[in-house]
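Engineer: Return atomic coordinates for the entry below.
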Amino acid sequence: MSNPLPLTTLRDPATLRVLISAERIQQRIAEIGQQIDEDLPGQGPVYLIGILKGSFIFMADLARAIRRSARIEFMGVSSYGRGKSSSGEVRVLKDLDVSIAGSDVIIVEDIVDSGITLTYLKSLLEARQPRSLRIVTLLDKPERRVRPVHVDYVGFQIPDEFVVGYGLDFAEDYRNLKEVCILE
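Structural biologist: Predicted structure coming up:
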């Protein structure tokens, strides 16, 4: 679980420690997909709304794990900028291209920590009157919660460490790692 990975191809080489292996991630996504199928057996597609950029890899794998028809949408929402902690101010950088009224909707996040972004986003999307609105996240850091937010599907609860890989970045680097790693 703590295999160090020296990275020499990035502009600022760092040491990474594997927190969650690629195999564990794929196994957990299959389980979440099955749970979503059981919870939302309805007719018609479910909208998966990925929060850019971090959720795109997780959302692609999750969409393939769900048997029900899935439509893919993206939103760009930021409260971080280029730092390691939330600024507390949420900005919508890209909105949906379609109406979600009357549809089953799942917000797909890479990581939930402070809850600031998700609280804002959930309120924004509820106002658009979906039939149901659920949240799935690959990673959850409940210790960091500033605002309470209910997450319906959690891949992994993790400690309060700065993590990268599997879509998560630091200053746009490390997204392409297959594992979730602690950046040291």
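Engineer: Quick check: closest non-adjacent residue to I72.
Structural biologist: Distance criterion CB to CB, 6 or more residues apart in numbering; nearest residue to I72, sequence neighbours excluded, is L48 at 5.6 Å. No exception for glycine: its C-beta is placed from N, CA and C like everyone else's.
Engineer: Can you tell me how far the one you found is from A22?
Structural biologist: Using CB to CB, to the nearest Å, we find L48 at a distance of 21 Å from A22.
Engineer: between these two, who's got more neighbours?
Structural biologist: Legend: neighbour count by other CB atoms under 10 Å for L48 and A22, higher for L48 (23 against 14).
Engineer: Quickly find the element holding the more buried one.
Structural biologist: According to DSSP states H and E, L48 maps onto strand 46-52.
Engineer: Pull out the buried residues from the helix or strand following that strand.
Structural biologist: For strand 46-52, the following helix or strand on the C-terminal side (DSSP H and E) is helix 56-65. Under the neighbour-count criterion of 16 or more other CB atoms under 10 Å, helix 56-65 has 56-63, 65 buried.
Engineer: tell me what helix 56-65 is packed against?
Structural biologist: Packing partners of helix 56-65 (3 or more CB pairs under 8 Å, 6 or more residues apart in numbering; DSSP states H and E): helix 22-39, strand 46-52, strand 70-78, strand 104-112.
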